[in-house]
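K.L.:
Compute the structure for the input listed below.
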Amino acid sequence: MKKLLILFIASFFSVALAVETYQLVRVEIPPHHNNIQLQPGQTHLFSAMAFDEQGALLPDFHPHWKVTDMDGFETTIPGVIDQNGYFEAGRAYYGKFKIMAYDSETGLFDQVEIQLSPYNYGQVAHVSVQPTYITSTRGMSHYLWVACYDYEGRVLPSCSLNYRVYDVFGSPHYYDVAYITNDSYLHVRPWAPQGQYRIEFHAVNSSAWTQMRLDIY
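P.N.:
Next comes the predicted model:
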């Protein structure tokens, strides 16, 4: 009887262990990183996600990064990227190349195409939004100081930005969390779900962007 009990307990824990395991089946770089245009010396922070066979996000995924030419050969001529996804463009190359995020164990990967172009003076090179962190209750409004700069660091008199709201899992929220009006006020919806959010601001006519954090409680 004791032997049967021990076998049963061992079987139970082996089953429980099997349920907790997962298998990485897909690596994905979010589409807003694809086909962006950068200028020499400009930087960009790339991100990537991984999913299991059920389509669930794997939160502990840490991708490896590399720069390749259009034929898939690794290169540092267009620029360099570190293992946090931070890319810095070189200053002696123009044209297309690829950024690849991959899982070293499975070999699964995703990649995006990038265009490195000469400077376009008057184009937005840097976007600044202050404050970069806001805590808010539902229904509140907050003023944002927004400025765009050219490649010589001069403030542009005007610029057009698009914004996107994401939750901590990278899922976009289009209408249910917050919206920003033309007078630079951030309005939190009265019915917004509580939680932590990221708001990205992207220049319409360039790849310049920035982000801020919004915590709703």
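K.L.:
rest of the way, CA atoms for contacts and neighbours
P.N.:
Fine.
K.L.:
any chance you could map the helices in the protein?
P.N.:
For the chain, the helices defined by DSSP state H cover 2-20.
K.L.:
which residue is nearest the centroid of it?
P.N.:
By Cα atoms, centre = their mean, the chain has its centre lying nearest to Ser47, at 4.4 Å.
K.L.:
For that residue, give me its contacts.
P.N.:
Ile29, Pro30, Gly85 (Cα atoms under 8 Å, 6 or more residues apart in numbering).
K.L.:
ok, now Val27?
P.N.:
If you count contacts by Cα under 8 Å, 6+ apart, then Val27 has Ala48, Met49, Ala50, Phe51, Ala101, Tyr102, Asp103, Leu108, Phe109, Asp110 around it.
K.L.:
could you list every residue that touches the last one?
P.N.:
Spelled out, it's Asp110. Val27, Glu28, Ile29, Met100, Ala101, Tyr102.
K.L.:
Let me see the domain layout of this structure.
P.N.:
Per automatic domain parsing, the structural domains of the chain span 24-116, 126-216.
K.L.:
Pipe these into JSON lines and attach mean pLDDT per row.
P.N.:
Shown next, in JSON lines, are the domains of the chain (pLDDT from 0 to 100):
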{"stretch": "domain 24-116", "mean pLDDT": "94"}
{"stretch": "domain 126-216", "mean pLDDT": "94"}
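K.L.:
Pull the most distant pair out of the contacts of Val27.
P.N.:
Phe51 and Ala101 (13.6 Å; Cα to Cα).
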